[in-house]
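Undergrad: sequence first, then the predicted structure:
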Amino acid sequence: MAGLPVPMCIHLLPVDPLLHVFSFVDFRSLARCAQVCRRFRHLAEHETLWKSHCRLYWLLEQLPAGQTWSGLFQDTYRDLGRYIAVYAPLKQTWLDLEEFLKKHCPSLMATLKGGATEQMLHAVEEKIGRILPEDLRCSLRIHNGQMLKGTGLMGSVAISYHHRSECLLDVETAMQGYSQQRTLIDSLPLTFCTRTGLTQYIALSDVGGRTRGHVFYHSPNQTDSEICDAFLMGHHFSEWFMEYVRNVVGRKYPLIGEEIFRYMETGNVAQTGPISVSVSTAFLPEFSFIHPPHYSFSYRIRMTMDPTASPDDSCQLARRCWYVIDERDYKQKVEGQGVVDVQIYRHPSSSKRGKTNIRGNGNLNFKPRLLMYVIIARRCSSGTKIEM
């Protein structure tokens, strides 16, 4: 009837408001919208919408010649669609790591392998009779581990009598180490140190007190060989890998030369004049046990000088004295000469000589001219099963 208002329907909206509404729709719902009517189909195929989805799900910024954004999304989905829930965060993590390695560790970057194919992953799964976790599979599609030579991608720890560096294994090498031993049943190695044999594993089933996806170091049980002990490093691959990369690119792990060292800064810094002393720690699973409880850590003590300090303040560590106290208040005194495992940072100096004392939980005696750091390691026993 004349004069009556026309009912408002969404399909009567102008193009711009409808495109704005469609921009909040996920790719599956957008495909369903295209089946509603001819107008919706035309709008749902708009290139700006699929460009946004390519960026969101696949981190794609460049459109190949002769390709459309909707076609690029479909092609990528056919290849990587099973990983769409985990691909973007893992891909971004790898991109962040690649950028860091290109800038700071080019020789380590050169050891990374290209991505594995679906055929390779299926062949490995058939060989071991287990399905790999989706996030691990996705990471392998991006980079299939690294070559077993030189420095390990997954970090190093060095003390006077021991040096470990863990490589990230490719899936074919990992398959060779797949274990059906009683204490490591259904465990696939993720990392390997060629010097020490230290390995991190991922559980492929809920067995032995572990949950599928758990990443762990195996801990030999000294009291009962039937018990499977483990140091849990991550509840799933994504958590384990992404946390490690955040620490690397965030410079929470020190970089010496082109080698990443897994010493975590504790935030404990002592300051005396222009000299700072900081402490970082690293867990040593290769020297640790759960039964009986015996956990080992390495301590890295680093001394630095304010770059704006006067040349008259430059110095060299002459002698050290530390008191290491565990949770049971057991005190151990560590002392000796200053220059141990030295990495020297030269600083302008003068002919003036003298001595500077830094006191806290111990003391340091300095003489002018050079600045360096010391690495100290010790062992302690405490607690029960732990998560690192």
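TA: Cool, the structure landed.
Undergrad: for residue 274, see how far away residue 60 is.
TA: Relative to residue 274, residue 60 is positioned 49 Å away (criterion: CB to CB, to the nearest Å). All C-beta spots, glycine's among them, are computed from the backbone N, C-alpha and C.
Undergrad: ok, residue 48 next?
TA: Taken as CB to CB, the spacing of residue 48 relative to residue 274 amounts to 56 Å.
Undergrad: now residue 136
TA: When residue 136 is compared with residue 274 (using CB to CB), they lie 48 Å apart.
Undergrad: more neighbours: the two, which one.
TA: For residue 136 and residue 274, the more surrounded residue by other CB atoms under 10 Å is residue 136, and the numbers stand at 25 against 17.
Undergrad: correct me, but that one touches residue 202?
TA: Yes: Residue 136 lies in contact with residue 202 (CB atoms under 8 Å); the separation is 6.4 Å.
Undergrad: overlap in contacts, those two.
TA: Between them, residue 136 and residue 202 have 190, 237 as joint contacts when contacts are counted by CB atoms under 8 Å, 6 or more residues apart in numbering.
Undergrad: for residue 101, give me its contacts.
TA: By CB under 8 Å, 6+ apart, residue 101 lies in contact with 108-109, 112.
Undergrad: look up the closest residue to residue 41, ignoring the ones flanking it.
TA: residue 34 (4.3 Å; CB to CB, 6 or more residues apart in numbering).
Undergrad: ugh, wrong one, residue 144
TA: Using CB to CB, 6+ apart and skipping the chain neighbours, the partner closest in space to residue 144 is residue 116 (4.1 Å).
Undergrad: wait, doesn't the one you found sit right on residue 140?
TA: Yes: Residue 116 sits in contact with residue 140 when judged by CB under 8 Å, with a separation of 4.5 Å.
Undergrad: the bottom helix or strand of this protein by mean pLDDT?
TA: Using mean pLDDT, DSSP states H and E, the weakest-scoring helix or strand in the chain turns out to be strand 345-346, at a mean of 28.
Undergrad: how deep is the nearest residue to residue 150 once chain neighbours are set aside tucked in, by neighbour count?
TA: Taking CB to CB, 6+ apart, and ignoring the residues beside it in sequence, residue 150 has residue 111 as its nearest neighbour in space, at 6.1 Å. Counted by other CB under 10 Å, the residues lying close to residue 111 total 19.
Undergrad: isn't residue 111 right next to residue 153, touching?
TA: Yes: contact between residue 111 and residue 153 holds when scored by CB under 8 Å: they sit 7.1 Å apart.
Undergrad: what residues are shared contacts of these two?
TA: With contacts taken as CB under 8 Å, 6+ apart, the residues that reach both residue 111 and residue 153 are 146, 167.
Undergrad: residues near the closest residue to residue 120 other than its chain neighbours, how many?
TA: Spatial nearest neighbour of residue 120, excluding adjacent residues (CB to CB, 6+ apart): residue 171 at 6.5 Å. The local packing of residue 171 (other CB under 10 Å) involves 20 other residues.
Undergrad: mind listing what residue 171 touches?
TA: Residues in contact with residue 171 (CB under 8 Å, 6+ apart) are 116, 120-121, 124, 132, 140, 144-145.
Undergrad: and the residue nearest the centre of this structure?
TA: Within the chain, the residue whose C-alpha comes closest to the C-alpha centroid is residue 244; the distance, by CA atoms, centre = their mean, is 1.7 Å.
Undergrad: buried stuff in the helix or strand that residue falls within?
TA: With elements delineated by DSSP states H and E, residue 244 resides in helix 237-249, which encompasses its position. Going by neighbour count (16 or more other CB atoms under 10 Å), the buried part of helix 237-249 is 237-238, 240-242, 244-245, 247-249.
Undergrad: out of those, who's nearest residue 18?
TA: For residue 18, the nearest member of the buried residues of helix 237-249 is residue 238. The distance, counting by CB to CB, is 36.2 Å.
Undergrad: okay, that closest one: pLDDT?
TA: According to the per-residue confidence, residue 238 scores 97 in pLDDT.
Undergrad: quick check, it in contact with residue 134.
TA: No: contact between residue 238 and residue 134 fails when scored by CB under 8 Å: they sit 9.3 Å apart.
Undergrad: overlap of the contact sets of the two?
TA: With contacts defined as CB under 8 Å, 6+ apart, the residues shared by residue 238 and residue 134 are residue 86.
Undergrad: could you check the angle the longest helix belonging to the chain makes with helix 237-249?
TA: With secondary structure taken from DSSP state H, the chain has its longest helix at helix 87-104. Angle of helix 87-104 versus helix 237-249, following axes from the mean of the first three to the mean of the last three CA atoms, to 10 degrees, is 30 degrees.
Undergrad: list the buried residues of helix 87-104.
TA: By 16+ other CB under 10 Å, the buried positions in helix 87-104 come out as 87-88, 90-91, 93-94, 96-97, 100-101, 104.
Undergrad: ok, now stretch 301-317?
TA: Buried residues in stretch 301-317, counting neighbours by 16+ other CB under 10 Å, are found at 301-303, 305, 309, 313-317.
Undergrad: cool, and stretch 252-271?
TA: 253-254, 259-263, 265, 270.
Undergrad: end to end on it, go ahead and measure it.
TA: The stretch stretch 252-271 measures 20 Å between its terminal residues, going by CA to CA, to the nearest Å.
Undergrad: sorry, back to before: the residue nearest to the centre of the chain reaches residue 154, doesn't it?
TA: Yes: look at residue 244 against residue 154 with CB under 8 Å: they come within range, at 6.7 Å.
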